[in-house]
Every structure is written in C-alpha cells, then in structure tokens.
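> below is the sequence, then the predicted model.
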Amino acid sequence: MENSAAHTHGKAVISIRNLCKSFGDQVVLDNFNMEIYDGENLVLMGKSGSGKSVMIKCMVGLMEPDSGEVEILGKNMLELHHQEKDELRAEIGFLFQGSALYDSMTVQENLEFPLRRHKKKFKGGNTNEMVEEALESVGLAHTKSLMPAELSGGMQRRIALARALILKPKIILYDEPTTGLDPITAKEIILLMMDIQKKYKTSSLIITHDVDCARVISNRMILLLEGTNYAQGTFQELSTSKDPKIKAFFK
Ligand SMILES: Nc1ncnc2c1ncn2[C@@H]1O[C@H](COP(=O)(O)OP(=O)(O)OP(=O)(O)O)[C@@H](O)[C@H]1O
C-alpha cells in the first residue's frame, strides 16, 4: 500500500470511511476509504466493474451501503432526510459519462434543469444571467438556443460542464470526462476543468481510465482494486511504482 503525506492536506470536503457494499455473494466495496480535500483534484482509477459507480451512488445517497460512513461538507450523508440530501446534492455538480444532455431540449433548457431542481439554492436569481455566465465559463456563450445534436462532441461535453457548474457547486464529480473525445478535444476539456477549478475554487473527484488526463489534472490519485483503495499517492508516486498491480493501471 502506497501512501501520500495526507497530513499536508487541508480539511476534507468528502470523507468516506469503511464503505462496504455487496450484492449477494459479490463483494463490490470492502472497507473502501477516501478523502477529498478542499480545493484538490482527486483522480479515482479502477477497472471496469471495480465498483466506482457503486461507490459514487453510495456517496451521494442513491444507493444504501451495507456499512460505512459518508461525510460530505461536514454532514453525515447516510443520516440525512430526503430533502436534506437533496440540498446537499445541490453543492455537488455532476458531469456524467458521455455528457448526458437532454436531446429534445435546447442548450438553455438543459442548463436551466438543475436550477429548476434546486430552486432553494439559487433563490430566484436571474436564470438568464446564470445560464449566460455558465456558458461563458466554458467559452460557448453563443450556443444558448441550439440543440445538442447541432454541437460537436467536445462542445456537448463543455455544455455538460456548464450544467455541472451552474449552481456553483463546492464539489464536482467527473465521470470519465474525456471518454469518446479525440486527444486534442480531450486536452481542451482537461484544461477547461483546471480553469473551472481555479475560477470556482471547487474540489473535484475525477473518475477516469485516461492516464494522460490523470497526469495533467490530478493532485492525488486513488486506485480502486478488489473493493478497497489499493494505493494512493501522486501521479508521480503511483506511476513509478514497482507493484505489478499498480503498474497495470499505467499501461
Ligand atoms: N444494482 C446492482 N445490483 C447487482 N449488482 C450490481 C448493481 N450495481 C452494480 N452491480 C455490480 O457491481 C459491480 C461494480 O459495478 P460498477 O458499475 O460500480 O463498476 P464501475 O467500476 O463503475 O465500472 P465501469 O468503469 O464499467 O463503469 C459490477 O459487477 C456490477 O455488476
């Protein structure tokens, strides 16, 4: 097990302790631990089927773990009532795998979606201004009235990012942010994610298989293997490890 010097980090915005989840005989999470520190980009890598989605679902309260603790922004996620969970989720922006825009809605309508869902957080702010600001942050102010199908894959990913940040979340979860994009567009998205982090001072969890993405964006990494955080450290530390199981992630 490799470890980074955790004591050098600030406070944790997300803290997951001893998370366990099985489906029948299949143990998916086996005492999984993870901290995301304020302002950091934490990359989580794990093979397909290793339990990343299960972990995220348990973390945001969409799935009940068998045991363990999840603390988000100082609140115990597993003990909150439905409405309190929802309010806490408004502090988390999601960039789903493959953008996940609503095809039948314009860009503007796609961006308004989280505003409608979390009315309480933005308390009657000016919807138009919020949409415009979010679009400007991703360099696509001119696309408001377009349909997703009229945009390239890279532009769709930017719009999805604008939708993730429109509520000015403290935390952004990126699920495979560069998958399906060509290397140049992927690089642009990574740079944009870094800009967003600076501008909005977010903490991010980035799930990715993309080693280049991890190299550029991560302050720290966790490798999920056999249901647990098999290794954690900086990209430099992990990518130079002699452990064959760790090396396999960087091939
Ligand atoms: N609701 C469920 N019921 C039964 N098994 C499930 C359920 N959800 C997930 N699993 C199983 O848990 C394991 C982990 O799945 P998960 O979707 O978390 O993997 P992943 O790491 O996100 O994979 P990928 O990178 O392909 O998205 C898989 O074997 C999956 O079949």
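Looks like it arrived, so ask away. Computed from a predicted structure; not experimentally measured.

> tell me the pLDDT of residue 85.
Note for residue 85: predicted pLDDT of 88.

> secondary structure element for it?
Element membership for residue 85 (DSSP states H and E) is helix 82-89.

> mind listing residues that contact that helix?
60, 61, 72, 73, 75, 77, 80, 118, 120, 121 (C-beta atoms under 8 Å, 6 or more residues apart in numbering). Bear in mind the C-beta positions are built from the backbone N, C-alpha and C, glycine included.

> for ChimeraX, write a command that selects the buried ones of those residues.
Buried residues among the contacts of helix 82-89 (16 or more other C-beta atoms under 10 Å), as a ChimeraX selection:
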select :60,61,72,73,77,80,118,121
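
> quick one: the helices in the stretch 51-200 of the chain, in order.
52-59, 82-89, 107-117, 119-122, 127-137, 153-165, 183-200 (DSSP state H, counting those that start in this stretch).

> ok now the third one, how far from the chain's centre?
Which is helix 107-117. How far helix 107-117 lies from its chain's middle: 19 Å, per C-alpha atoms, centre = their mean, to the nearest Å.

> try the fifth one
Here the centre of mass of C-alpha atoms in helix 127-137, compared against the chain's by C-alpha atoms, centre = their mean, lies 21 Å away.

> so which elements touch that helix?
Packing partners of helix 127-137 (3 or more C-beta pairs under 8 Å, 6 or more residues apart in numbering; DSSP states H and E): helix 107-117, helix 153-165, helix 183-200.

> could you dump those into JSON lines and include mean pLDDT and distance to residue 20?
As requested, the helices and strands packed on helix 127-137 are exported to JSON lines (pLDDT from 0 to 100; distance: least, C-beta to C-beta, whole Å):
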{"stretch": "helix 107-117", "mean pLDDT": "87", "distance to residue 20": "30"}
{"stretch": "helix 153-165", "mean pLDDT": "91", "distance to residue 20": "29"}
{"stretch": "helix 183-200", "mean pLDDT": "90", "distance to residue 20": "31"}
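
> winner for burial among those helices?
Most buried of these, by mean neighbour count (mean count of other C-beta atoms under 10 Å): helix 153-165, with a mean of 23.

> and the angle for that one with helix 183-200?
Between helix 153-165 and helix 183-200, the angle comes out at 20 degrees (axes from the mean of the first three to the mean of the last three C-alpha atoms, to 10 degrees).

> rewinding a little: what would the helices of the stretch 51-200 of the chain look like in a markdown table with distance to residue 210?
Formatted as a markdown table, those follow (distance: least, C-beta to C-beta, whole Å):
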| stretch | distance to residue 210 |
| --- | --- |
| helix 52-59 | 14 |
| helix 82-89 | 26 |
| helix 107-117 | 25 |
| helix 119-122 | 31 |
| helix 127-137 | 22 |
| helix 153-165 | 13 |
| helix 183-200 | 7 |
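
> the ligand is nearest to which of those?
Smallest distance to the ligand across the helices of the stretch 51-200 of the chain (C-beta to the nearest ligand atom): 3.3 Å, for helix 52-59.

> hang on, the earlier thing: the helix holding residue 85 versus helix 107-117: what angle between them?
Using the same axes, to 10 degrees: helix 82-89 against helix 107-117 is 130 degrees.

> export the helices and strands packed on helix 127-137 as TSV, with columns for distance to residue 95.
Below are these laid out as TSV (distance: least, C-beta to C-beta, whole Å):
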stretch	distance to residue 95
helix 107-117	12
helix 153-165	5
helix 183-200	9
